[in-house]
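1. The sequence and its predicted three-dimensional model are supplied below.
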Amino acid sequence: MNQSSLNRQQGFVITMELLLITTILILGSIVGLVAIRDAMFKHKVQQQNLTPKVLDQQGRVLGEPVSYDEHEAPLLAYIDRSSDPAGRVLIGIRDDRFSTREAVYFNTASCQGDPCIKGVSDELSDSQGASRLVATGNVSYLNALQGGPNYAVGPGTNGLPGFLYKESPQQCGFDVDEVQSRWHSQSVVSGLPCESITVDDLSVPAYTGCLLNVAPVLDDPRLSDDPFRDPRDHRDHRDHRDHRDHRDHRDHRDHRDHRDHRDHRDHRDPRFSDTLTDPVNTNLNCSCPTGTTDQIDLIQQVAPQVGVVYEQTLATLGLVAAPFDSQSLGTICCQNTTALNENDLVETLAYLALNEQLTQLGLTALQQAEVESLLTSLLNPAELNCKPTLPLRTAESVASADDSNLNALEPFQPPFQVTRPTAASDTWISTPPDGVEGRP
């Protein structure tokens, strides 16, 4: 066999081996890839089988829960594509209703009329959760983190299961003072989650550490040794004191009333002035804590009315104390974006001023309790608190992605349910897409 024939034989053998190896590798890879595909598909289907889905009465899939709230209701992340840019809101699904952290507000007592909603991350207007305690809920920070707007579930056409609303740029048609009810879908109730609520319920306690600046003067000649004496005897008492002051005190060293009065002066608070015309304001430099604003303008505005009530109450009780001095009122501090609630403010300030004065008269515990009881019955003081001032926003309906004339939640009807995991199966049925995948 010549050399050329040998070369052709060697080439033929190499080619056959290459074809054989290539065939084995390709066919084996195809078979392996198919096996891997089937295994991954089965694993995915099994995962989907174990993953709960929320369905409505008609079997439509609302979505897969991203989490669960404190009541173990599944939370779905709804994407509002009617906004530009699109917004996301967590919606809780219960068996008969939708729920959100935020509430919707109304100026009627039955959650009817034009709905309004708070701005994002607004803790001061209303932070009362289902427990109706301040700082326990009713604020969604997801809406703030994505730059707004704010979302909340409110009443639907028939009340439940509810519609989805969002914050609009327009200011609400009524103020916080006019709020009478809120639709708080997060509440745990068997019927409609409509709650009666007023501005007093939304108010927070005021800081009063800078309120009473001036204490009464204990040795002023206008004050009586006996606070329960008839005020008509004031002139006689003054004349008696003037006459007594002109006598030799050495002849009356053993006079008990005088000794008690002198000792009382010796032990009086050194912060107090010797005369009412030169008071020492111990809280003159008192300033409101950080994050609060003083309400001095309102305090000065109502000071004359406080003085009238102060003097009238003293006359009614038949007591003699230092006359009211508007400078004795300092200021009250309210959290930023809140303002002092003016309800019963005059009576409350008069009560506090009178109570501060009378505690300096050396009353016995029984007398002090009697005076405080009388003051309370006459003036009926209220708690000093601050009401929110941030304006509410008009709440507008979120349109459905399929029909702009419907609310986003309107197509889904209760009772809602969560799918159960089913037994594993090796039988697969090919189902063509219906074109609505991914829509709640």
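-> Sure thing, it's come through. Numbering: from 1, shown residues only.

2. Pull the distance from whichever helix in the chain runs longest to the chain's centre.
-> In the chain, taking DSSP state H as the definition, the longest helix is helix 3-50. Here helix 3-50 is found 66 Å from its chain centre; the criterion is CA atoms, centre = their mean, to the nearest Å.

3. what about that helix, average pLDDT?
-> Helix 3-50 shows a mean pLDDT of 77.

4. Surely Pro388 touches Leu124?
-> Yes. If you go by CB atoms under 8 Å, Pro388 and Leu124 touch, sitting 5.2 Å apart. To be clear about C-beta, it is placed using only N, CA and C from the backbone, and glycine gets the same treatment.

5. Common neighbours of those two, please.
-> The contact sets of Pro388 and Leu124 overlap at Thr337, Thr338 (CB atoms under 8 Å, 6 or more residues apart in numbering).

6. neighbour-wise, which of these two wins?
-> Using other CB atoms under 10 Å as the criterion, Pro388 and Leu124 rank with Pro388 on top: 26 against 20.

7. partner residues bridging that one?
-> Beta-bridge pairing of Pro388 under DSSP bridges involves Thr338.

8. For the most centrally placed residue in the chain, which residues are in contact?
-> For the chain, Ser127 is the residue whose C-alpha lies nearest the centre (CA atoms, centre = their mean; 1.4 Å). Counting by CB under 8 Å, 6+ apart, Ser127 touches Val134, Ala135, Thr136, Gly137, Asn138, Val139.

9. ok, of those residues, which one's closest to Glu64?
-> Of all those, Gly137 has the smallest distance to Glu64: 24.8 Å, by CB to CB.

10. Can you tell me the closest non-neighbouring residue to the closest one?
-> Setting aside the residues directly before and after it, Gly137 is nearest to Gly129 in space (CB to CB, 6 or more residues apart in numbering), at 2.3 Å.

11. I'd say that neighbour and Ser140 touch.
-> No. Counting by CB under 8 Å, Ser140 is not a contact partner of Gly129; they are 11.6 Å apart.

12. can you give me how far the helix or strand harbouring Lys166 is from the chain middle?
-> Per DSSP states H and E, Lys166 falls inside strand 159-171. Relative to the centre of its chain, strand 159-171 is centred 19 Å away, using CA atoms, centre = their mean.

13. What of stretch 143-151?
-> The answer for stretch 143-151 is 17 Å, by CA atoms, centre = their mean.

14. List the buried residues in it.
-> Buried positions in stretch 143-151, judged by neighbour count with 16 or more other CB atoms under 10 Å: Asn143, Gly148, Pro149, Asn150, Tyr151.

15. likewise stretch 132-145?
-> Buried-residue list, stretch 132-145, by 16+ other CB under 10 Å: Val134, Gly137, Asn138, Val139, Ser140, Asn143.

16. List just the nearest of those residues to Gln295.
-> Gln295 lies nearest to Val134 out of those, by CB to CB, at 19.6 Å.

17. that's a helix at Ile312, yeah?
-> You called it Ile, but residue 312 is Gln. Yes. Counting by DSSP: H, G, I helix; E, B strand; the rest coil, Gln312 is located in a helix.

18. Tally up the residues packed near it, please.
-> Gln312: 12 neighbours (other CB under 10 Å).

19. For it, give its distance to Cys334.
-> 28 Å (CB to CB, to the nearest Å).

20. So Pro411 sits against Ala401, correct?
-> No. Applying CB under 8 Å as the test, Pro411 and Ala401 come out as separate, 9.9 Å apart.

21. Now do the helices in the chain.
-> Applying DSSP H to the chain gives helices spanning 3-50, 141-145, 199-202, 234-245, 256-266, 296-317, 345-358, 365-379.

22. Find the one among these with the highest mean neighbour count.
-> Of all the helices of the chain, helix 345-358 has the most neighbours on average by mean count of other CB atoms under 10 Å, namely a mean of 22.

23. so how far is it off the chain centroid?
-> Worked out by CA atoms, centre = their mean, helix 345-358 lies 30 Å from the chain centre.

24. Which elements pack onto it?
-> The contact analysis (3 or more CB pairs under 8 Å, 6 or more residues apart in numbering; DSSP states H and E) places helix 345-358 against helix 296-317, helix 365-379.

25. Quick one: mean pLDDT over that helix.
-> Confidence for helix 345-358, expressed as mean pLDDT, is 89.

26. so what's Ala73 up against?
-> Per CB under 8 Å, 6+ apart, neighbours of Ala73: Gly92, Ile93, Arg94, Ser99.

27. rewinding a little: okay, buried residues for the strand holding Lys166 please.
-> By neighbour count on 16+ other CB under 10 Å, the buried set for strand 159-171 is Pro161, Gly162, Phe163, Leu164, Tyr165, Lys166, Glu167.

28. and the residue nearest to Val179 when sequence neighbours are not counted, how many residues sit next to it?
-> Nearest in space to Val179, with sequence neighbours left out and distances taken as CB to CB, 6+ apart, is Tyr105 at 5.1 Å. Using other CB under 10 Å, Tyr105 has 30 neighbouring residues.

29. And Tyr105, what's its pLDDT?
-> You'll see Tyr105 listed with a pLDDT of 96.

30. That one and Asp177 touch, don't they?
-> No. Tyr105 lies out of contact with Asp177 (CB under 8 Å); the separation is 11.8 Å.

31. low pLDDT regions in the stretch 251-400 of the chain?
-> 251-285 (pLDDT under 70).

32. No further questions, thank you.
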